[in-house]
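In: What shape does this take:
(2 chains)
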Amino acid sequence: MKRKILALSLLISAFLLVFNSSTFASEQEEDKTSFIMHHVKDSHEWHLVTLGHTHVTLPLPVIVYSGDRGLEFFKSSDFQNHETHAFGEEYGHEGYFIDEHDHLGRADGAGFVEFSITKNVVMLFIVLIVVAWLALSAASFYKKNGAIAPRGAAAIIEPIVIFVRDDIAKESIGPQYKRFVPYLITLFLFVWFGNLLGLIPGAANMTGNIAVTLVLATLTFIITNVNGNKDYWKHVFMTPGVPPLMLLIIVPVEIIGLFTKPFALMVRLFVAITAGHIVILGFIALAFIFESYTIGIASTLMVTFINLIELLVATIQAYVFTLFSAMYIGSAVAEHAHADH
Amino acid sequence: MDLITPGTGLIFWQLFGFLGLLFILIKFAWKPMLAALDERESSINNALKAAETARNEMANLKAENEKLLADARLERDTILKKAQDVSVKMIDDAKNEAIKAGALMIENAKAVIETEKKAALADVKNQVAELSLDITEKLLRKNLSDDKSQKDLVDGFIKELKLN
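Out: Below you'll find the model as predicted:
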């Protein structure tokens, strides 16, 4: 049944694409798909819905620190046209402006640091609250009931905790796994719930933002290298079994390798989640490009299907991020890191 | 806000938000939870081990009981067999004794009868001898007088004998 629906929707979309190709070359094509990149990127406001010409948005705080003016707080709605809700240099406010690409700028060009509560920061807070609430209510269950069979939040969190502890940490790190289990569980839950909540229509693409994945990958990088033992560093700087001359090549490669691992972590999560959002929005955009009901139905079926895949991707990416973090940590604390190469 | 340029604001909030989450969860969630899980796992393991030992003990007990039962049965059988043997022997002995006693009694009786017979015969012999002597004496006395009286005497004696 599922296969039939999928095949049918693919067929319909391909068929209608050919027949409606004349409408494809629309002048306003840019406008019809611009919402995709707008959604995928971070923003100073949370645009919820547009009803006719009314934009329903959640204005968010803009926080700026500059050496000469100190810490300043604004609202994102201070920087936009009140009719169209468009940002632009012409709608500047107290020396600052947000340009049409959603960049904060300063009119006099002086330096500043931005700490704005953007859409992704709000999303981050929501994810933090959800994860913390689930984990703390699960923990309170054990505090109240002691070591009995789990119920409620504990029944949701416990299998994840056991999975991360036994199948990720114990497998990949080895005998010293216990120290790293709390970090790995937190990482898994954060990424997983970030991915899942990001799939809710109207939510932000938080785990698909490079700043978020950068921080997570950096934390793994720091934990890995702080815990690196003698074998690990020996492997980097005096790779065993390599002739001395070759070390001139191998050592730089190994040092680059230290950084490519977390870099891969950062890019993998960012790309997987962002790509998923783009694909879903792309199918939605088809309906606006062709302005056809049939395309709308077909693309909606596709969007449903891709959404199901994204649920899977959300879990897989959380697993992969945690697993690779564990493996990098494992390679740093293993007693004979060179033995398994 | 570019796609591949990380924003400073988001980096800041993400870093401190995540570290805060990590700190709070390690302190208030994962430590008690992992401890509770360990405790539960060890209690389950202990319970399983205890059940295993109990099962083994039960099996041992059962085996012991069976052994005891078998021993008891064996002992009962030997006791019964012994008793049977004893009773058979006792009956045999009794029979033999009875036979022996009977034989002895018969022997004794025979001896007594023989003695009695001999005594009786001796008695008869004595009496016959006495009678003959008496007769002889009386005959002799009458012979001395006449033949008739002799004859009368003998007849008289015979009559006497018949009466006896």
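
In: need the residues of chain B near chain A, please.
Out: Selection of chain B residues close to chain A by CB under 8 Å from any CB of the partner chain yields B:1-15, B:17-18, B:20-22, B:24-26, B:28-34, B:36-37, B:39-40, B:43. Every C-beta, even on glycine, is put in place using the N, C-alpha and C of the backbone.

In: mind showing which ranges of the chain have poor pLDDT?
Out: As the question left the chain open, I've gone with chain A. Filtered on pLDDT under 70, chain A yields the residue ranges A:9-30, A:147, A:336-341.

In: not quite, I wanted chain B
Out: The low-confidence ranges in chain B, as defined by pLDDT under 70, are B:1, B:142-145, B:150, B:163-164.

In: how about the strands in it?
Out: In chain order, chain B shows no strands, with DSSP state E as the criterion.

In: And the helices in it?
Out: Using DSSP state H, the helices found in chain B span residues B:8-25, B:31-143, B:147-163.

In: Dump those helices to JSON lines, plus distance to A:T218 and mean neighbour count.
Out: What follows is the helices of chain B, written out as JSON lines (distance: least, CB to CB, whole Å; neighbours: other CB atoms under 10 Å in any protein chain shown):
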{"stretch": "helix B:8-25", "distance to A:T218": "8", "mean neighbour count": "19"}
{"stretch": "helix B:31-143", "distance to A:T218": "24", "mean neighbour count": "11"}
{"stretch": "helix B:147-163", "distance to A:T218": "165", "mean neighbour count": "11"}
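
In: My read is that A:A132 contacts B:L21, right?
Out: Yes. With contact defined as CB atoms under 8 Å, A:A132 and B:L21 form a contacting pair (5.9 Å).

In: Let me know whether the helix or strand where A:L311 lies sits next to chain B.
Out: With the criterion set as DSSP states H and E, the secondary-structure element containing A:L311 is helix A:293-333. No. Residues of helix A:293-333 are not located near chain B by CB under 8 Å from any CB, the shortest gap being 12.8 Å.

In: and that helix, what other elements does it pack with?
Out: In this structure, helix A:293-333 makes packing contacts with helix A:2-19, helix A:170-173, helix A:181-198, helix A:210-226, helix A:230-237, helix A:244-290, judged by 3 or more CB pairs under 8 Å, 6 or more residues apart in numbering or on different chains; DSSP states H and E.

In: Excluding sequence neighbours, find me the nearest residue to the spatially most central residue of chain A.
Out: With the centre of chain A defined as its mean C-alpha position, the nearest residue by CA atoms, centre = their mean is A:T207, 1.3 Å away. Across the structure, with CB to CB, 6 or more residues apart in numbering or on different chains as the measure, the residue nearest A:T207 apart from its sequence neighbours is A:G194 (3.7 Å).

In: how deep is the spatially closest residue to A:A285 that is not a sequence neighbour tucked in, by neighbour count?
Out: Excluding its sequence neighbours, the residue lying closest to A:A285 (CB to CB, 6+ apart) is A:T33, at 4.9 Å. Applying other CB atoms under 10 Å in any protein chain shown, we find 17 other residues in the vicinity of A:T33.

In: what's the spacing between A:T33 and A:G282?
Out: Here A:T33 is placed at a distance of 8 Å from A:G282 (CB to CB, to the nearest Å).

In: And for A:V267?
Out: Distance check for A:V267 against A:G282: by CB to CB, it reads 21 Å.

In: cool, and A:S331?
Out: Distance check for A:S331 against A:G282: by CB to CB, it reads 38 Å.

In: Between those two, point out the one with more neighbours.
Out: A:S331 (21 against 16).

In: The more buried one against A:Y232, yeah?
Out: Yes. Under the criterion of CB under 8 Å, A:S331 makes contact with A:Y232 at 6.7 Å.

In: Spit out the contact partners of A:P59.
Out: Contacts for A:P59 were tallied using CB atoms under 8 Å, 6 or more residues apart in numbering or on different chains; they are A:E45, A:K75, A:S76, A:S77.

In: isn't the residue nearest to A:T207 right up against A:N209?
Out: No. Using CB under 8 Å, A:G194 is not in contact with A:N209; the gap is 9.5 Å.

In: pretty sure A:V181 is in contact with A:V164, am I right?
Out: Yes. Between A:V181 and A:V164 there is a contact at 6.8 Å, judged by CB under 8 Å.

In: Looking at those two, which one has more neighbours?
Out: Using other CB under 10 Å as the criterion, A:V181 and A:V164 rank with A:V164 on top: 26 against 21.

In: Now A:E171: closest residue in space that isn't a chain neighbour?
Out: In this structure, A:E171 finds its nearest non-sequential neighbour in A:A326, 7.8 Å apart by CB to CB, 6+ apart.

In: Distance check, the one you found against A:I98.
Out: 40 Å.

In: Spell out which parts of the stretch 151-300 of chain A neighbour chain B.
Out: For the stretch 151-300 of chain A, the residues in contact with chain B under the definition CB under 8 Å from any CB are A:157-158, A:161-162, A:165, A:181-183, A:185-186, A:190, A:209-212, A:214-216, A:219, A:274.

In: Just the buried ones out of those residues, please.
Out: With burial judged by 16 or more other CB atoms under 10 Å in any protein chain shown, the buried subset of these is A:157-158, A:161, A:165, A:181-183, A:185-186, A:190, A:209-212, A:214-216, A:219, A:274.

In: residues from the stretch 1-150 of chain A in reach of chain B?
Out: Contact residues, the stretch 1-150 of chain A versus chain B (CB under 8 Å from any CB): A:37, A:40-44, A:63, A:101-103, A:113-118, A:120-121, A:124-125, A:128, A:131-132, A:135-136, A:138-139, A:142-143, A:146-148.

In: In contact with A:F35, which residues are there?
Out: Going by CB under 8 Å, 6+ apart, the list of residues near A:F35 reads A:L281, A:A285.

In: any idea which helix or strand comes after whatever helix or strand it lives in?
Out: In the assignment (DSSP H and E), A:F35 maps to helix A:29-40. Using DSSP H and E, the helix or strand that directly follows helix A:29-40 along the chain is strand A:45-51.

In: where's the residue nearest to A:A139 when sequence neighbours are not counted relative to A:L189, distance?
Out: What sits nearest to A:A139 in space, not counting adjacent residues and going by CB to CB, 6+ apart, is B:A29, at 4.0 Å. Applying CB to CB, one obtains 10 Å for the distance of B:A29 from A:L189.
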